[in-house]
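# The sequence and its predicted three-dimensional model are supplied below.
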Amino acid sequence: MLLLTRKTHKTPLKLLLTTEAFSSLTNQFMQILLPWYILSTTGSVLWTGFVGFCALLPNIFSSLFGASVIDKLGRSTTMLSCEVIQLALLGMIPVLMATGHDWPWLIGMIIFLSSFFDAPGQLARTALSPTFSRYADVPLSKTSGIIEAFDGIMSVVGPLLGGAVIALYGLLAAWIICVGFCMLIVTLCILVFSNRRPRQLHPTASYREVMEHLKSDSILWKSILFTIPTFILGQSWELILLPTYIYERGFNSVYLGFLGAAFGLGAFAGALCFAGLSKKFTFFNLLTFNYAGYLLSVLILYFHLPASIVLAATALCGIPFGAFGAMIISIILLRTPRAYRSKMLGLYATATYTVESICVLGLAVLIQWAGLQTTLLSVMIAFVILIIISIAARRTTDFWTALSSENKKYLQNRTDLIQ
């Protein structure tokens with residue numbers, strides 16, 4: 001009977017992790033498909049940057065809006081609703097392609113509307129992870145590491161699959177497969193919704209209260225502050241720099257997929273390391289390696305190194321990315337009371353999407369105006385400065401090691417009990 005109970009308690013977490021895995025697969029598949037589709041049909045870096053901007057801009061507002069929706073409707077309901085709407089919108093793209101009405105501005109509009117519901121769905125999944133981890137008696141740091149590991153391995157499978165499908169069967173078939181993935185995600189969300197426990201209404205927090213909590217917790221706001229610059233290349237590397245490099249150098253979508261997969265393989269390894277050895281890491285060491293990884297990823301493109309070196313270096317760059325992603329989410333969840341989590345995640349997502357959307361459009365304009373090489377050099381200089389700042393900041397108390405095992409346990413209990 002006890003074994004049966006434990007198995008039942010683990011079911012929601014397993015379903016959530018499976019949903020997260022397929023959501024990551026779909027996102028990584030689209031990271032190859034969307035920019036390659038726009039570049040292939042228009043030949044314009046500016047159009048590619050515009051559509052990428054459309055994919056990111058709505059998340060700035062929907063992250064704030066989505067947190068309030070989660071508080072009102074519940075996390076499972078919000079997640080399911082958002083995925084159903086995205087399925088309906090993305091399902092229009094292959095229809096438009098088949099009928100010859102896939103104009104770039106119209107695709108950009110559909111991507112804009114679809115992205116508006118992406119952030120709330122992601123926020124809802126992230127907000128569910130502490131509760132489902134507690135049901136399954138799994139440490140939150142391990143759950144965060146597993147999620148990042150899934151993101152990493154799907155960053156391998158997604159680009160490889162996307163590049164191969166595009167090369168072998170064409171863009172229309174790739175979009176149809178993408179919609180099929182969305183249907184599978186909706187099915188998994190229905191299972192998560194069906195396996196949820198009865199919702200207990202809790203008092204909701206205002207953004208003012210969340211901001212006061214953020215200001216009062218120096219570890220939390222400083223951690224986020226040092227993390228935000230990493231998003232200069234968060235989406236820009238995948239949506240602009242890498243596709244433009246591949247397109248201008250005359251490579252095909254398969255090579256683009258291999259590069260995306262190499263980075264994902266590194267991220268997978270880094271996330272697994274964090275999940276198993278989280279106590280061995282320090283915030284500023286990992287931050288410095290993360291900045292250095294981004295610098296290396298741009299450096300190898302700037303000097304146009306042989307493909308084997310580019311692939312190996314790209315995989316190496318992904319290792320600190322995967323570990324650091326798991327660490328910052330763990331810090332946010334551990335340092336935030338349960339009543340504040342949705343809105344805190346919303347604020348964090350808004351900040352990251354703001355940086356990403358500005359950089360995607362800005363780098364597209366810079367490439368068009370000054371060329372790819374000058375753009376890569378500018379990004380390299382920016383990350384050299386960030387590495388110097390992160391090394392200098394090591395003199396202060398490390399944010400991750402400051403969370404001792406006793407403090408982590410206390411904070412986990414406190415966040416789950418505060419109503």
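That came through fine. Numbers count the residues shown, from 1 in each chain.
# thinking residue 373 is in contact with residue 304, fair?
No: judged on Cβ atoms under 8 Å, residue 373 makes no contact with residue 304 at a distance of 9.2 Å. In this view, the C-beta of every residue, glycine as well, is placed from N, C-alpha and C.
# If you count surrounding residues, which of these two has more?
residue 373 (13 against 10; other Cβ atoms under 10 Å).
# host element of that one?
Per DSSP states H and E: residue 373 is located in helix 372-392.
# Name the residues that touch that helix?
Helix 372-392 is contacted from outside by 226, 229, 232-233, 241, 244-245, 248, 284, 287-288, 291-292, 294-295, 298-299, 301-302, 363, 366-367, using Cβ atoms under 8 Å, 6 or more residues apart in numbering.
# of those, buried ones?
Neighbour-count burial (16 or more other Cβ atoms under 10 Å) applied to these gives 226, 229, 232-233, 241, 244-245, 284, 287-288, 291-292, 294-295, 298-299, 301-302, 363, 366-367.
# Which ones among those lie within helices?
Judged by DSSP state H, those include 226, 244-245, 284, 287-288, 291-292, 294-295, 298-299, 301-302, 363, 366-367 as members of helices.
# which residues of the protein score low on pLDDT?
Along the chain, the model assigns pLDDT under 70 to residues 1-8, 141, 195-204, 404-419.
# From residue 378, how far off is residue 153?
Using Cβ to Cβ, to the nearest Å, one gets 32 Å for the distance from residue 153 to residue 378.
# out of those two, which sits in the more crowded spot?
The neighbour comparison of residue 153 against residue 378 (other Cβ under 10 Å) goes to residue 153, with 23 against 13.
# which element is the more buried one on?
helix 140-169.
# in whichever helix or strand comes after that helix, what's buried?
Following helix 140-169 in sequence order, the next helix or strand is helix 171-194 (DSSP H and E). Residues of helix 171-194 classed as buried: 171, 174-179, 181-182, 184-186, 188-189, 191-193 (neighbour count, 16+ other Cβ under 10 Å).
# what sits up against helix 171-194?
12, 15-16, 18-19, 22-23, 25-26, 29-30, 33, 36-37, 40-41, 76-77, 79-80, 83-84, 86-87, 90-91, 93-94, 97-98, 128, 162, 165-166.
# go with 7 Å
With Cβ atoms under 7 Å, 6 or more residues apart in numbering as the test, helix 171-194 has contacts from 12, 15-16, 18-19, 22-23, 25-26, 29-30, 33, 37, 40, 76-77, 79-80, 83-84, 86-87, 90-91, 93-94, 97-98, 162, 165-166.
# try stretch 297-306
Residues beyond stretch 297-306 that count as contacts (Cβ under 7 Å, 6+ apart) turn out to be 237, 241, 245, 309-310, 313-314, 317, 373, 376-377, 379-380.
# can you list those in CSV and add distance to residue 350?
Output for the contacts of stretch 297-306, formatted as CSV (distance: Cβ to Cβ, whole Å):
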residue, distance to residue 350
237, 21
241, 24
245, 29
309, 37
310, 34
313, 32
314, 29
317, 26
373, 33
376, 28
377, 30
379, 23
380, 28
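# Filter the residues you listed down to just the buried residues.
Buried positions within those, assessed by neighbour count (16+ other Cβ under 10 Å), are 237, 241, 245, 310, 313-314, 317, 376, 379-380.
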